[in-house]
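A.B. asks: Quick one: sequence and predicted model below, then my questions.
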Amino acid sequence: MDRVLIKTLVVGPLQANCYLLSDAETRETAIIDPGGDARQIIGCIEGGGLKPVVIVNTHAHPDHVAANADVKKRYSIPLLLHEDDAPVLAQSGMLSKLIGLFFEPSPPPDRLLHDGDEITIGRVTLKVMHTPGHSAGSICLWYEGQGGETPVLFSGDTVFQDSVGRTDLPGGSYEALLDSIRIKIMPLPDRARILPGHGPETTVRREKRYNSFFNI
């Protein structure tokens, strides 16, 4: 039996993927990138009998943090974000208006993350991988699996199916993104699932074969 349950919710006008990662036994849950539609997220949590214990933002762009305030208000759980994106989160309300999104500004993070940190959800451990490029503080979250489970990478906007995140926003760097892919993602097991910030899931094997950015 898998130790983790993963529910994908497509939220907000920019169709971001919000993931609910739960320990299958304890039902403790991490809310990854609540990017909008707080009612949908809360309804899924409460309808599924889940127990949220933490919110994690893979980065601080508005389409990944829009429901931070509402979800945190509902559950009073800590919000985690890499330290290099904390200044971006502080400007989330202003940035959202520039792209036509309107939501309550996010509260500040309760814990600043760094490369190699671990996040524990029940019996499940996620490892923080700092993958700058899309933003200075972009991270991926790595679950290596237990007992034969398929490992999972929550890639935020670092890697998509057959593509990568844009690098032309403040804090972005094309060179840093390619380094993140080469150093952090390419060495992962081919069979690992990649659950991106937008669009369908993929695998490391597929991206090595079809994603041109993996071969630059």
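C.D. replies: Received the coordinates, thanks. Note that this is a predicted model, so its numbers are computed, not measured. Numbers count the residues shown, from 1 in each chain.
A.B. asks: Let's verify Ile116: helix, strand, or coil?
C.D. replies: Just to correct that, residue 116 is Gly rather than Ile. coil (DSSP: H, G, I helix; E, B strand; the rest coil).
A.B. asks: For burial, what's the neighbour tally of it?
C.D. replies: 9 (other Cβ atoms under 10 Å). Using the backbone N, CA and C atoms, a C-beta is placed for each residue, glycine as well.
A.B. asks: Skip the chain neighbours and tell me the closest residue to it.
C.D. replies: Excluding the flanking residues, the one nearest Gly116 by Cβ to Cβ, 6 or more residues apart in numbering is Val128, at 6.5 Å.
A.B. asks: Cross-check the contact I'm expecting between the one you found and Leu141.
C.D. replies: Yes: counting by Cβ atoms under 8 Å, Leu141 is a contact partner of Val128 at 6.6 Å.
A.B. asks: Would you enumerate the residues in contact with the residue nearest to Gly116?
C.D. replies: Val128 sits next to His82, Leu113, His114, Asp115, Gly116, Asp117, Glu118, Ile119, Ile139, Leu141, Trp142 when contact means Cβ atoms under 8 Å, 6 or more residues apart in numbering.
A.B. asks: ChimeraX command for the buried members of those?
C.D. replies: The ChimeraX command for the buried members of the contacts of Val128 (criterion: 16 or more other Cβ atoms under 10 Å) is given here:
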select :82,113,117,119,139,141,142
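A.B. asks: Compile the contacts of Val128 into a markdown table and extend it with columns for distance to Lys51 and pLDDT.
C.D. replies: A markdown table is the format used below for the contacts of Val128 (distance: Cβ to Cβ, whole Å; pLDDT from 0 to 100):
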| residue | distance to Lys51 | pLDDT |
| --- | --- | --- |
| His82 | 25 | 98 |
| Leu113 | 22 | 98 |
| His114 | 26 | 98 |
| Asp115 | 28 | 98 |
| Gly116 | 27 | 98 |
| Asp117 | 22 | 98 |
| Glu118 | 19 | 98 |
| Ile119 | 15 | 98 |
| Ile139 | 23 | 98 |
| Leu141 | 19 | 98 |
| Trp142 | 23 | 98 |
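A.B. asks: Could you report the separation of the residue nearest to Asp85 when sequence neighbours are not counted from Ser180?
C.D. replies: Closest residue to Asp85 apart from its sequence neighbours, by Cβ to Cβ, 6+ apart: Gly137 at 2.9 Å. Per Cβ to Cβ, to the nearest Å, Gly137 is found 12 Å from Ser180.
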